[in-house]
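Engineer: coords please:
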Amino acid sequence: MIQMTNAELIRYAGWSAFTSAIVTIVGLVTLTLFFTLGEPWGTINDISSVVLALSTLPVLIVLHRLHCHDVPAVSLVTFFIGILAMLVVVVFQTLLIVRVIAFAQTAVVVPVAYGLFGAALMVYSYLALAHEVLSRRLAVLGIIAGAGYVMVIIGFILGGQEHPLTAIGGLTTVVCYPIWAIWFGRMLLAGRLIT
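Structural biologist: So this is what the prediction gives:
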């Protein structure tokens, strides 16, 4: 079994954060192209969703390790919620890509899973703010980005893709999450966080 050192994990999580930022933007572009031009942009969007979910996993590991000593129970529950949510995205989107299931079977599950990831990001960012683990601006940006994901769920529950909260949440996420992820990734790669 291959084991990563702490430094390797942090470096991997830093690059994963960058990847998640890039595929968030790719996801917006391909979703827009899908709604205007159709396929293959929908499938490319689904693939970017899988890459996004996978790239958040190392980030969640590092976020958990940042908080597991101060608030072990809260951090562990948040970690499991975030990890399980992203694994649900990976499974459902992969099944959609290989055409085992139809979009209708992912239409609620995947946004809810992303919303749970957003809730985890909000909790970790709040803890970072409360315990001064990250800069105030980065922690607040994480809370806002996470809230964007949560707003998407609320919008879907209240009225589906057409609900204003879905659009507002999506826009908030697409603007704030990549900035947060790049900033967080830079901190990890610069060695400014100790887990």
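
Engineer: so F80, which of the three states?
Structural biologist: Under DSSP: H, G, I helix; E, B strand; the rest coil, F80 falls in the helix class.

Engineer: Just to check, A53 is in contact with M86?
Structural biologist: Yes. Applying C-beta atoms under 8 Å as the test, A53 and M86 come out as touching, 4.2 Å apart. Where you see a C-beta, it was placed from the backbone N, CA and C, and this is true even at glycine.

Engineer: Now for these two: what residues contact both?
Structural biologist: Shared contacts of A53 and M86 (C-beta atoms under 8 Å, 6 or more residues apart in numbering): F117.

Engineer: What are the contacting residues of stretch 13-30?
Structural biologist: Against stretch 13-30 from outside (C-beta under 8 Å, 6+ apart): 41-42, 44-45, 48-49, 51-52, 55-59, 61-62, 173-174, 177-179, 181-182, 184-189.

Engineer: ah, wrong one, I meant stretch 86-95
Structural biologist: Residues contacting stretch 86-95 (C-beta under 8 Å, 6+ apart): 46-47, 49-50, 52-54, 56-57, 60, 101, 105-106, 109-110, 113-114, 117.

Engineer: Any idea how many residues pack against the residue nearest to L31 when sequence neighbours are not counted?
Structural biologist: Take L31 and drop its neighbours on the chain: the residue closest to it by C-beta to C-beta, 6 or more residues apart in numbering is N45, 5.0 Å away. By the criterion of other C-beta atoms under 10 Å, N45 has 21 neighbours.

Engineer: Helix or strand: which one has N45?
Structural biologist: helix 41-67 (DSSP states H and E).
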